[in-house]
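**Q** No letters, just coordinates:
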């Protein structure tokens, strides 16, 4: 069976034609890059992923990272990947020149990471968390911290993590109890952290932990949380490294992403764990969450990549697997005929098309949000930068959640395409299904993202972000109306914008009365409603670009390529977008069936 896991043509079409990377490259910040260099880079990354990542995908699942004799044992490819990642700029790509980075557009960084994650989603997390930790030091740390840690992290010599969760404090970070006691120009750290991805592994020279802790006497709740650099080994004055009393006490064996280690760490078991304050005291959570936009886009990107790999695996299978016979016009099967390939059965085609519209729609949304991120940083006009910051804030919970939740649906359909083989370890679909399940939990669960969308982002700046987003969607609708094929779909999307207003008017009534619990009770169904409309917008935009290309006769891609995009767009508008009507009915229903009352409903 073909080892296809990503379609570079679709990726480049979305990157360059639909989301106009060229206009981002025209900004002063990114002037050193051009289309040709990006094409070459993406090609080299695909070659690297083919040779150094995809061949180890199943192997890393079958030989999981594990805790043994006080150490985490990982696949040898992890340390090789970190080293190669440093050499190829996977770590330094997003950083500014002045910080030793490559000052690469976010759109390109995400395209590169998407290819890698589609090839082997067990590896990129090691680099992703190292980049996130280094970004915190670059943005908020002092010069000494930057010079001590960041170059080694960018080179892939030292790993990095972000340590938030404790046994009693998962989503509720106000309950963190890890302590920091002043000790000269540093602090003594004491406490434990769990679910720390990439937290430790044999072969890493050092791991730099970014730890949330409370300085002695700090205010209660989130207002008293500070951020610290706490390396596994602390540098000494003579340039060597010494143990910093950071102990790996266990690991977590997971249902998926088994090659990506997850650890339980203890800080200060011997009272000799030193940490250095990042920025100002009591602002740790603020610093951490300022970096969360990138982390949440990355989770959505990873989910879309896993679902994309699964789509290609199930598509390849459907093209090779004969089973059953096509129905004749009489409604009967001719058993004298040879079996037909399962890709010829309408229900199999429906499942494959569902996978296609979810994965490509999700990737389009990832490039859109990363485009907003680029423009919010690079435009000269302050008002324009602020506009794109608001748009980015608005879509961040959606770009994290839609690929994660619908990616599960997509991969699940892939398993179904394979039938009984999909449930067997001989085939890769079951691994994709196990791997993707964590995405809806990483970096804030679906419920948390949904409450963020409805409770914060929709109401942000008196609804200004929502207004800006509506204008963006209306612009696409208006531009699509000039094409006969797209006109009915543009009108359909317009009617869904009107439906969104009706739903929000109904929900906002509770908020205006101060009944916030009722207001947010159905935040998750609202997320599904809202994100389904957002992806319809993406598909209308994809369809518009495909139609433009067909009319103009461009030869960059084949006419079949563009026709396929139009077919997928029509599928989405027929099979997915109408679901919002049922969701709207749920959201406007006055019953409050999930709120806790005196009545016992569970038994």
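**A** That came through, no problem. Fair warning: this is a prediction, and the values are worked out from it, not measured in the lab.

**Q** make it CA atoms for all contacts and neighbour counts henceforth
**A** OK.

**Q** remind me, longest helix of this protein?
**A** Looking across the chain with DSSP state H, the single longest helix is helix 382-418.

**Q** and it, what does it pack onto?
**A** Under the contact criterion of 3 or more Cα pairs under 8 Å, 6 or more residues apart in numbering; DSSP states H and E, helix 382-418 touches helix 292-320, helix 346-378, helix 429-436, helix 446-452, helix 464-480, helix 523-552.

**Q** With mean neighbour count as new columns, can these be given to me in TSV?
**A** Below are these laid out as TSV (neighbours: other Cα atoms under 10 Å):
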stretch	mean neighbour count
helix 292-320	25
helix 346-378	23
helix 429-436	24
helix 446-452	21
helix 464-480	17
helix 523-552	22
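
**Q** Dump the ones you listed to TSV, plus distance to residue 600 and mean pLDDT.
**A** Below are the helices and strands packed on helix 382-418 laid out as TSV (distance: least, Cα to Cα, whole Å; pLDDT from 0 to 100):
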stretch	distance to residue 600	mean pLDDT
helix 292-320	37	95
helix 346-378	39	97
helix 429-436	35	98
helix 446-452	23	97
helix 464-480	38	98
helix 523-552	23	98
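
**Q** need these in JSON lines with distance to residue 194, can you?
**A** Formatted as JSON lines, the helices and strands packed on helix 382-418 follow (distance: least, Cα to Cα, whole Å):
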{"stretch": "helix 292-320", "distance to residue 194": "18"}
{"stretch": "helix 346-378", "distance to residue 194": "29"}
{"stretch": "helix 429-436", "distance to residue 194": "20"}
{"stretch": "helix 446-452", "distance to residue 194": "19"}
{"stretch": "helix 464-480", "distance to residue 194": "35"}
{"stretch": "helix 523-552", "distance to residue 194": "26"}
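
**Q** so which of those gets nearest residue 124?
**A** With distances scored as Cα to Cα, the stretch of the helices and strands packed on helix 382-418 nearest to residue 124 is helix 292-320 (8.9 Å).

**Q** Next, the angle from the closest one to helix 346-378.
**A** Using axes from the mean of the first three to the mean of the last three Cα atoms, to 10 degrees, the inter-axis angle of helix 292-320 relative to helix 346-378 is 150 degrees.

**Q** Which other helices and strands does helix 292-320 contact?
**A** Using 3+ Cα pairs under 8 Å, 6+ apart, helix 292-320 sits against helix 106-119, helix 346-378, helix 382-418, helix 429-436.

**Q** now it: how far from the chain's centre is it?
**A** Offset of helix 292-320 from its chain centre (Cα atoms, centre = their mean, to the nearest Å): 10 Å.

**Q** tell me the angle that helix makes with helix 429-436.
**A** Going by the same axes, to 10 degrees, helix 292-320 makes 170 degrees with helix 429-436.

**Q** Do I have it right that residue 365 meets residue 538?
**A** Yes - with contact defined as Cα atoms under 8 Å, residue 365 counts as touching residue 538 (6.8 Å).

**Q** how many other residues sit next to the nearest residue to residue 529 once chain neighbours are set aside?
**A** Counting by Cα to Cα, 6 or more residues apart in numbering, residue 529 lies nearest to residue 580, which is 5.3 Å off, once chain neighbours are set aside. Per other Cα atoms under 10 Å, the neighbour tally for residue 580 reads 21.

**Q** ok, now which ones touch residue 580?
**A** 496, 529, 532, 533 (Cα atoms under 8 Å, 6 or more residues apart in numbering).

**Q** host element of it?
**A** For residue 580, the element it lies in under DSSP states H and E is helix 579-588.

**Q** got it, and residue 269?
**A** Residue 269 is part of no helix or strand, with elements assigned from DSSP H and E.

**Q** Backbone dihedrals for it, please?
**A** With angles defined as degrees, to the nearest 10, residue 269 sits at phi -60, psi -30.

**Q** nearest residue to it other than its sequence neighbours?
**A** Sequence neighbours aside, residue 245 is the residue nearest to residue 269 in space, at 6.6 Å (criterion: Cα to Cα, 6+ apart).

**Q** The one you found: neighbour count?
**A** Neighbours of residue 245 under the rule other Cα under 10 Å: 22.

**Q** pretty sure it contacts residue 275?
**A** No - using Cα under 8 Å, residue 245 is not in contact with residue 275; the gap is 10.7 Å.

**Q** any weak-confidence spans in this structure?
**A** For the chain, the stretches flagged by pLDDT under 70 are 1-3, 329-331, 333.

**Q** domain ranges for it?
**A** Using automatic domain parsing, the domain parsing of the chain gives 32-290, 298-319+340-588.
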